[in-house]
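> Below are the sequence and a predicted model for it; my questions follow.
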Amino acid sequence: MDSLMDLVGQLKKCCQETELAFIARAKLSLAEFNGISALEPGERVCGNMLSRKMGLSPSRASRVIEKLVKNGFLVREIDPQDRRRCTICLAKKGVALKQQLKKIRRECEEKVRDQLSAQEIDHLIGHLRELNEALSASMPG
């Protein structure tokens, strides 16, 4: 019998394969993709906040952010009140990439939903929420 974590790992692998193919087509590193994914359209954050959201050190995040700005996925804006401060947000190209990813995830979810009844989907969602809560509660920090 498969363990719970084996099954979660298999599910994660199926989802990741689709995302990794998408990332490769976009010619992004995983860190760059995570930088774009960490922001919502219209959201503005400072570099330190984005590095925390990306789970990277400020120096590593700075290099990733610089590349994303250079390639048109992010916009860095200087604060007119304090030129030492800047904010980072998604550029149109970054927003478009996120929309494409949403579409791919929606299509993947539809494939799953096509195989299950409405009741099975409701149960699955409920159980996944419980699993996430249980795992979140056991995480340090």
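Done, it's in. Residues are numbered from 1 along each chain as shown.
> going forward, measure contacts and count neighbours with C-alpha atoms only.
OK.
> and stretch 11-30, average pLDDT?
When pLDDT is averaged along stretch 11-30, the result is 87.
> do stretch 94-113 as well
The pLDDT scores in stretch 94-113 average 89.
> what does that stretch contact?
With contacts defined as CA atoms under 8 Å, 6 or more residues apart in numbering, stretch 94-113 is touched by 15, 18-19, 22, 36-37, 41, 72-74, 121.
> show me the contacts for residue 129.
Under the criterion of CA under 8 Å, 6+ apart, residue 129 has no contact partners.
> now it: how far from residue 88?
Between residue 129 and residue 88 the distance is 32 Å, computed by CA to CA, to the nearest Å.
> what's the answer for residue 32, then?
14 Å.
> Also residue 97?
Distance from residue 97 to residue 88, counting by CA to CA: 16 Å.
> Same question for residue 21.
For residue 21 relative to residue 88 (CA to CA), the value is 26 Å.
> Tell me where the protein has helices.
Ranges of helices in the chain, per DSSP state H, are 4-25, 30-37, 47-54, 58-70, 92-113, 118-138.
> Next, count neighbours for residue 58.
Counted by other CA atoms under 10 Å, the residues lying close to residue 58 total 16.
> and the residue nearest to it when sequence neighbours are not counted, how many neighbours?
Spatial nearest neighbour of residue 58, excluding adjacent residues (CA to CA, 6 or more residues apart in numbering): residue 51 at 5.5 Å. As a burial measure, the neighbour count of residue 51 was computed by other CA under 10 Å and equals 21.
> Residue 41 contacts residue 75, correct?
No. With contact taken as CA atoms under 8 Å, residue 41 and residue 75 are classed as non-touching, separated by 11.6 Å.
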